[in-house]
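*Asks:* I would like to see how this sequence folds:
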Amino acid sequence: MKKKILLLLTIPVLFFTCKTNEEPFYDSALGSVYVTVKMAGDDITVPDAVVISNPETLIFQTDNSGSVIVEDIEPRTYIINAFHPDFGSGVGEVTVKRGEVVGLEVNLQAGVFSNPSVDFLTPANGANLDLDGAHEFSVEVFDDNDAPQDISLEWSSNIDGLLSTQSADADGIATIIVNDLSEGVHTIQVRAEDQDGFLGGAIVNVTILDLPNSVTLNPLQTNSSGVQLDWTVSDEPNFINYEVYRSLGSSSAFQVITTISDKNTTSYFDSGVSFGEDYYYYIGVTLSGGGQSISNTKCLKPYEGASINVATQVEKMIVDPDRPFLYAIDRVNNSLLFINTDQGMLTKSIGVGSSPTDLDISLDGEKLYIANFGSTQINVVDLNTQEIDFSFFVDIDVGTWDGNPYRIAALTSNRLAFTSEDQHNNVKVVDATTGNNLYVTNGSVYQPNLFTNPEGNVLYVAESGTTGSEIIRYNLSGNTLDKVDNSNSGSAWRRNGFITHNGEFIYFRKQKVLATNLQSVLGTFPEEVYTANRDGSIVLGEEQYYSGDNFSILGNLPVSSQVMVSDPDDDIFYIYNATTSRIVIFQP
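*Replies:* Modelled structure (predicted):
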């Protein structure tokens, strides 16, 4: 026999109510207490309040009427504690008489939480556990005054008696592993007592059964469409079906998402998932007799890693090397997004002109330039105030080819290079404070992308859209761009190309190229790549990420995208997911 058993968040206590259509039987030598829990100062009863008798430490929970009967206890005086985690706590005293039911009303003082609280984390209330297994029981303990590890705990079963006195750790989590529980329905009780003598507790019901053999759920796989599950085949001759269970988060109930009656079908693809959520899965095996075993539980966050919801389109992004901000342009809404990477949230958005398509940070790190393809305007944003500082209009008619600014690159000494979007373009250099034209290159570049070395005195132009696309290197000398190098030509159908933050390598047309010698191709990737870490040792493509040293595949990306950037200092990547309008934070 198997087995691993599902671990779930569960309700803290069982419900005990008396039936209204028949009289309960009482041992004449014992007595009972009918407890009603109310809020102090009004007549409102409190359902789901925890009720604890002391001595004997019996733990109950009030029903929907706010009442519970504590049956068949020895005649004597008892202290009855009651509390509710949302409302408060209270205490009452009652004397039990032989053969009688004594009433007691306990009033909760709002906001007073003197009792330690105990919540069962695992297993689920009502869970079926395997007779042959070792079973984990886990609770979370909290007290207003005492540290969790200073609260004494007593674990017991109504069938097998005392199980453990294991206390909680500093985080309030207490866990025990129990072997050889007797077959039957167990009420597992945890009694908590703080250093002031206040009591708390919780119970969970489990049934110990001789269960069928379970299957093993293999590690989950994810892509931009969902989660792939695979498991081993069942060896049970009385197999009826597999049931695939899923929960959203560790505290949510598991639900059956599909049933598979073919024993040899041991895989399922779950496309009904949402970006950035934690999903838990297990596989149930059901037999003709009705018994069901469950597999190990696996957890996965589709599109692995944290994410930032921007709720809009992102055209391009850039990471601020000096501030905890990521800047993104939204071409649809003509806006600039300020995304705080420490807080993991969009904190501000401002309008920046007509159809923004590119952005770059000045060499001193104080300004952000925005190219507006819908006009001849370039806006300049003050990164300290996060407002537009000023703007200027460029003369697009100088040179052979006109066209509004589509790509820009910040150069040293307050210079700015720009080109347009078309098949034929000059590269134009302007004064970044006035927009006055300073220089226009000869010849034409085809659907170019622009980027510079870290010092801003070398401009690279990466062509696209033809079978003869190449990278051209210009050195900035005064106001002049001097063409000094070019790569081998080849097919480049996407407007791409970038340089590592340390200025050593360029990536273009699936190739890694030495920035100081564009003819020196160091290797080729299986797909176009879009960003890399500082030294180029980790490189991201559209679907996978790679070693920048030996060009091998390191793994799948959490989401497919062509819009991505990297942090200049850390191996942190920001990947925009157009399907969900979120930015995935990816750390290989």
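*Asks:* what is the mean pLDDT for the helix or strand residue 34 falls within?
*Replies:* Residue 34 is part of strand 31-39, with elements assigned from DSSP states H and E. Averaged over strand 31-39, pLDDT sits at 93.
*Asks:* do the same with stretch 60-71
*Replies:* The model assigns stretch 60-71 a mean pLDDT of 90.
*Asks:* ok, the nearest residue to residue 446 once chain neighbours are set aside to residue 369 distance?
*Replies:* Spatially, and ignoring its direct neighbours in sequence, residue 446 is nearest to residue 463 (4.6 Å; Cβ to Cβ, 6 or more residues apart in numbering). The C-beta positions use only the backbone N, C-alpha and C, and glycine is treated the same way. Per Cβ to Cβ, to the nearest Å, residue 463 is found 22 Å from residue 369.
*Asks:* Compare the two (neighbour count), which wins?
*Replies:* Taking neighbours as other Cβ atoms under 10 Å, residue 463 and residue 369 compare with residue 463 leading, 26 against 21.
*Asks:* Next up, the contacts around the more buried one.
*Replies:* Residues in contact with residue 463, defined by Cβ atoms under 8 Å, 6 or more residues apart in numbering, are 445-448, 469-472, 492.
*Asks:* can you do 6 Å?
*Replies:* 445-446, 448, 469-470 (Cβ atoms under 6 Å, 6 or more residues apart in numbering).
*Asks:* likewise residue 239?
*Replies:* Going by Cβ under 6 Å, 6+ apart, the list of residues near residue 239 reads residue 263.
*Asks:* Mind doing that once more with 8 Å?
*Replies:* Counting by Cβ under 8 Å, 6+ apart, residue 239 has contacts 263, 285-288.
*Asks:* Flag the shaky bits of this protein, pLDDT-wise.
*Replies:* Scanning the chain for pLDDT under 70 picks out the ranges 1-28, 56-57, 223-225, 275-276, 289, 301-306.
*Asks:* Got the domain ranges for it?
*Replies:* Annotated domains of the chain cover 1-206, 221-300, 307-586 [automatic domain parsing].
*Asks:* The ones you listed into JSON lines, with extra columns for distance to residue 214?
*Replies:* Converted to JSON lines, the domains of the chain look like this (distance: least, Cβ to Cβ, whole Å):
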{"stretch": "domain 1-206", "distance to residue 214": "4"}
{"stretch": "domain 221-300", "distance to residue 214": "4"}
{"stretch": "domain 307-586", "distance to residue 214": "29"}
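*Asks:* Which one of the ones you listed lies nearest to residue 213?
*Replies:* domain 1-206 (4.6 Å; Cβ to Cβ).
*Asks:* What count of nearby residues applies to the closest residue to residue 567 other than its chain neighbours?
*Replies:* Leaving aside its sequence neighbours, residue 567 sits nearest to residue 319 (Cβ to Cβ, 6+ apart; 5.3 Å). Here the number of neighbours of residue 319 (other Cβ under 10 Å) works out to 23.
*Asks:* swap in residue 148?
*Replies:* 21.
*Asks:* what pairs with the helix or strand hosting residue 328, and is each one parallel or antiparallel?
*Replies:* Here residue 328, judged by DSSP H and E, is contained in strand 325-330. Applying DSSP bridges, strand 325-330 is found paired with strand 316-319 (antiparallel), strand 335-340 (antiparallel).
*Asks:* any idea how far it is from the chain center?
*Replies:* Mean C-alpha position of strand 325-330 versus that of the full chain (Cα atoms, centre = their mean, to the nearest Å) differs by 21 Å.
*Asks:* Run through who's touching it.
*Replies:* Strand 325-330 is contacted from outside by 310, 312-320, 335-341, 349, 352, 356-359, 368, 370, 383, 565, 574, 576, 583, using Cβ under 8 Å, 6+ apart.
*Asks:* Give me the buried entries from those.
*Replies:* 310, 313-320, 335-339, 341, 349, 352, 356-359, 368, 370, 383, 565, 574, 576, 583 (16 or more other Cβ atoms under 10 Å).
*Asks:* What residues does residue 372 make contact with?
*Replies:* Contact partners of residue 372, counting by Cβ under 8 Å, 6+ apart, are 352-357, 378-379, 404-405.
*Asks:* So which of those are in strands?
*Replies:* Among the contacts of residue 372, the members falling in strands are 356-357, 378-379 (criterion: DSSP state E).
*Asks:* Let me know the closest of those to residue 488.
*Replies:* Closest to residue 488, out of all of those and judged by Cβ to Cβ, is residue 357, at 28.2 Å.
*Asks:* which residues does the closest residue to the closest one other than its chain neighbours contact?
*Replies:* Excluding its sequence neighbours, the residue lying closest to residue 357 (Cβ to Cβ, 6+ apart) is residue 373, at 4.4 Å. With contact taken as Cβ under 8 Å, 6+ apart, residue 373 is in contact with 354-357, 404-406, 420-421.
*Asks:* I'd like the distance from residue 340 to residue 581, if you could.
*Replies:* From residue 340 to residue 581 the distance is 17 Å (Cβ to Cβ).
*Asks:* Can you read off the backbone torsions of residue 149?
*Replies:* phi -70, psi -10 (degrees, to the nearest 10).
*Asks:* Who are the contact partners of it?
*Replies:* By Cβ under 8 Å, 6+ apart, the neighbours of residue 149 are 167-170.
*Asks:* Neighbour-wise, give me the winner out of the residues you listed.
*Replies:* Among the contacts of residue 149, the one with the most neighbours (other Cβ under 10 Å) is residue 168, at 25 neighbours.
*Asks:* Now do the SS call for it.
*Replies:* Secondary structure assignment for residue 168 (DSSP: H, G, I helix; E, B strand; the rest coil): coil.
*Asks:* Renumber starting at 821 from here on
*Replies:* Got it, first residue is 821 now, which makes that one residue 988.
*Asks:* what sits against it?
*Replies:* Residue 988 touches 959-961, 968-969, 971, 973, 994, counting by Cβ under 8 Å, 6+ apart.
*Asks:* Make JSON lines from these and add distance to residue 919 and secondary structure to it.
*Replies:* As requested, the contacts of residue 988 are exported to JSON lines (distance: Cβ to Cβ, whole Å; DSSP: H, G, I helix; E, B strand; the rest coil):
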{"residue": "959", "distance to residue 919": "36", "secondary structure": "strand"}
{"residue": "960", "distance to residue 919": "40", "secondary structure": "strand"}
{"residue": "961", "distance to residue 919": "38", "secondary structure": "strand"}
{"residue": "968", "distance to residue 919": "42", "secondary structure": "helix"}
{"residue": "969", "distance to residue 919": "44", "secondary structure": "helix"}
{"residue": "971", "distance to residue 919": "37", "secondary structure": "coil"}
{"residue": "973", "distance to residue 919": "35", "secondary structure": "strand"}
{"residue": "994", "distance to residue 919": "39", "secondary structure": "strand"}
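*Asks:* Buried only: go through the residues you listed for me.
*Replies:* Neighbour counting by 16+ other Cβ under 10 Å classes 959-961, 968, 971, 973, 994 among the contacts of residue 988 as buried.
*Asks:* Can you tell me which of those lies closest to residue 1046?
*Replies:* Closest to residue 1046, out of all of those and judged by Cβ to Cβ, is residue 960, at 31.8 Å.
*Asks:* Kindly state the beta-bridge partners for that closest one.
*Replies:* Applying DSSP bridges, one finds that residue 960 bridges with residue 939, residue 993.
*Asks:* so it touches residue 939, yeah?
*Replies:* Yes: applying Cβ atoms under 8 Å as the test, residue 960 and residue 939 come out as touching, 4.9 Å apart.
*Asks:* now the contacts of residue 1193 in CSV, with distance to residue 935?
*Replies:* Listed next are these as CSV, based on distance: Cβ to Cβ, whole Å:
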residue, distance to residue 935
1174, 64
1175, 62
1176, 59
1177, 62
1224, 70
1225, 68
1226, 67
1240, 72
1241, 69
